[in-house]
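[1] here is a sequence together with a model predicted from it:
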There are 2 protein chains.
Amino acid sequence: MVRTDDQQLHESNGDPLPLDARKAAILTAVVTEYIGTALPIGSQHVADLPGVGVSSATVRTEMAALEGDGYLTQPHTSAGRIPTDKGYRFFVDHLGGPGPLEPVQRQQVRQFFDHAHGEIEQMLERTSGLLADLTDCTAMVVGPSHEASAIRSIQLVGLGPRLALLVVVLADGAVQKQSIELPEDTSEERLAEASRHLAAHAAGVSAGMVAALAPATGDRAIDALVGAGLSALLSMRPGDQAEQLFVGGPSRLATAFDAVETVRSVLTILEQQLVVVSLLRDVLDRGLSVAIGAEHGFEPLASCAIVVMPVSVEGEKAGTIGLLGPTRMNYPQALAAARVVGERLGQRLGESGNL
Amino acid sequence: MVRTDDQQLHESNGDPLPLDARKAAILTAVVTEYIGTALPIGSQHVADLPGVGVSSATVRTEMAALEGDGYLTQPHTSAGRIPTDKGYRFFVDHLGGPGPLEPVQRQQVRQFFDHAHGEIEQMLERTSGLLADLTDCTAMVVGPSHEASAIRSIQLVGLGPRLALLVVVLADGAVQKQSIELPEDTSEERLAEASRHLAAHAAGVSAGMVAALAPATGDRAIDALVGAGLSALLSMRPGDQAEQLFVGGPSRLATAFDAVETVRSVLTILEQQLVVVSLLRDVLDRGLSVAIGAEHGFEPLASCAIVVMPVSVEGEKAGTIGLLGPTRMNYPQALAAARVVGERLGQRLGESGNL
DNA sequence: GTCAGCACTCGGTAGAGTGGAGTGCCAATC
DNA sequence: GATTGGCACTCCACTCTACCGAGTGCTGAC
């Protein structure tokens, strides 16, 4: 979090700019060009751009000032400038929100959602692939949490003489399961009977709220089954109730960074679902839609930027979209893609009744 | 792993050896050392190893011969030798099968399976992580195919007034689902009734075999529901019946290769589930447990080796384990890990009744 | 305030030189 | 005849140097 005092005041309102118009234009030019070329940008290059209209000498003076203020930096004395995290931050804050998507990409998104159907997990997985394709970043899609979702159906299905599967359907369309070893051979009818008791006891309640005790039926065997079912229900919560994470296009990391060590360490992070999910949540909680460099406070990703976008269904939080790339990622494009896909995904989840 | 003389006599069949004992020993030494160091191995280095017992000059002569026969190669004139794919092939063929696992690793495996429980998908996912940890390779775990598995339970659960979820439980414990939009508001009782008809019609049959037509009930609304359920059942087959793939530890690729371009292209392959699954099947079908370099005929992975191990439950094929690494991967270790984990996994799947 | 001009800095590249690891060959040895 | 020590040779990896050029900061003119 490299923001200075005055800077956080403005945020898209009419606060005084920390930079005058020309400095802002030059900084924006440097960021844009650097994002495109990944090469340090010199004053001549900036002066040549349309819309700048001053000589390279003037640009140099301004650049020196921008460097003094911490927006730009030089890899070495006689090189051009590259943006600092603070420079990117300014750029992002003054984009004026995500722009529109390229027509080709709009088309791609439309086509995707026209053909998407079926299982929610599969759709989220594919969405992560879509996002990676659109942005050339690694995409992260976090599914809805089933924490508060009510149990819609609960059923014991026999798989073998002493083996049953507890299948729980939640109101948001999620299905959870857990296998149960039975103490004794049990017929399908007895399982059905136990299922009915379980259903009567747990239906409508959220899975986290189910009490461990169900009223006795007078039939010891059934009571045992119901008890086993309930304990299975309780045991599967911690692992499975958590949000699911889908990572799309991790190979893009190898395009973005040319140090294999960086690629390795970022990939390692991505393998830790919990870390990624909480990182995204953390960024969202702080009200950011972009976390640049050290802003997220997570050292191993210091050379990365993260774009996050909440997915909501009818106003309810239903997941998160994240994009991970180098700090010199294409923010306008990433933001645009995240917004459009986020909206369409939320819409889609609403239609198909998942959450 | 420097083995001498009598070593090649054992090879299961009585084929004449392509190499005499000393050449085999030297080749084995070069492979082993190169796997360990990733540096070209010189004649002096080999001569210094215990068990070789000849001078470096002799080793040089033998190495030159091995190079002539295509088992070794030189990066450049004045460098040591590194194995060719053919060299690795000889090495692997003459290992005499996977060796035992390190005690520490045995312990790690035991502990893993002692604590593994619950959902099959989660277990497969974690198994891929375990394998990656054990071998420092990227691991691939392919779950059982549900192709032939019979339908055990089929149920329509209402999620909204016009929305239902078709939940199908297969005999192997897999659960599949598909949301269905209903043409009209339908009560829970009607859904239950339709579920009973579906179940009566489809139970015991494998999902692929379900006929699209169910006998009419005389109730048009129920017939419509049953029809919708059946078509959903049929539609979800192609995508979901296929084997699931779990990839563990992709970051290991960035450790194994130091060219970021190689990492990128291999990661790209791994993102294509179908390609990976069929590649593994292909290698297995050809009766191999190791495919080195170009052997699998898949150009983008020419610098990789793949170790495959079928997972079987009570003699039935129930999945596949794969390890992906550079051609200079540690074959003995990888084979040992794949074998042990494969066995334990099969055992485990058997116990919990999944397939 | 802007800009052309200029001296300066410094990374990247190319070329020359060097050290060393490793080779192939050969003659001596067992 | 196989093995081995010795030796000349090759070639990479590394260092050092020189040099080019992109880009800078500064200054004085407009």
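    Ah, there it is. Here the structure is a predicted model, which means the values were calculated and not measured.

[2] list the buried residues in stretch A:214-227.
    Buried residues in stretch A:214-227, counted by 16 or more other C-beta atoms under 10 Å in any protein chain shown: A:214, A:222, A:223, A:225, A:226, A:227. Backbone N, C-alpha and C define where each C-beta goes, glycine included.

[3] redo the residues you listed as JSON lines? Include distance to residue A:88.
    Below are those laid out as JSON lines (distance: C-beta to C-beta, whole Å):
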{"residue": "A:214", "distance to residue A:88": "56"}
{"residue": "A:222", "distance to residue A:88": "63"}
{"residue": "A:223", "distance to residue A:88": "62"}
{"residue": "A:225", "distance to residue A:88": "59"}
{"residue": "A:226", "distance to residue A:88": "57"}
{"residue": "A:227", "distance to residue A:88": "57"}
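
[4] nearest to residue A:76 among those?
    Distance to residue A:76, by C-beta to C-beta, is smallest for residue A:227 among the buried residues of stretch A:214-227, at 70.9 Å.

[5] any idea how far the closest one lies from residue A:343?
    Applying C-beta to C-beta, to the nearest Å, the value for residue A:227 to residue A:343 is 45 Å.

[6] check residue A:91 too.
    Distance from residue A:91 to residue A:343, by C-beta to C-beta: 24 Å.

[7] of those two, give the one with the bigger neighbour count.
    Shown here are residue A:91 and residue A:343; by other C-beta atoms under 10 Å in any protein chain shown, residue A:91 has more neighbours (23 against 14).

[8] quick one: contacts for the more buried one?
    Applying C-beta atoms under 8 Å, 6 or more residues apart in numbering or on different chains to residue A:91 gives the contacts A:27, A:28, A:31, A:32, A:83, A:331.

[9] from the chain's centre, how far out does the host helix or strand of residue A:346 sit?
    Element membership for residue A:346 (DSSP states H and E) is helix A:331-351. From the chain centre to the centre of helix A:331-351 is a distance of 11 Å (C-alpha atoms, centre = their mean, to the nearest Å).

[10] ok, the residue nearest to residue A:170 when sequence neighbours are not counted to chain B distance?
    Nearest residue to residue A:170 in three dimensions, chain neighbours excluded: residue A:149, at 4.1 Å (C-beta to C-beta, 6 or more residues apart in numbering or on different chains). Separation of residue A:149 from chain B (C-beta to the nearest C-beta, to the nearest Å) stands at 11 Å.

[11] quick one: neighbours of residue A:149, just the number.
    Quick note: residue A:149 (other C-beta under 10 Å) scores 20 neighbours.

[12] now the helices for the stretch 1-150 of chain A?
    For the stretch 1-150 of chain A, the helices defined by DSSP state H, counting those that start in this stretch cover A:7-10, A:21-37, A:43-48, A:56-68, A:85-93, A:103-115, A:120-135.

[13] quick one: is the last one near chain B?
    Yes. Helix A:120-135 lies in contact with chain B when judged by C-beta under 8 Å from any C-beta of the partner chain; the contacting residues are A:122, A:129.

[14] residues making contact with that helix?
    Contacts for helix A:120-135 (C-beta under 8 Å, 6+ apart): A:101, A:105, A:108-109, A:112, A:116-117, A:137-141, A:143, A:173-174, A:244, A:246-249, A:252, A:319, A:321, A:323, A:325, A:329-330, A:333-334, A:337-338, A:341, A:345, A:348-349, A:352, A:354, B:239-240, B:271.

[15] quick one: buried residues of that helix?
    A:120-121, A:123-135.
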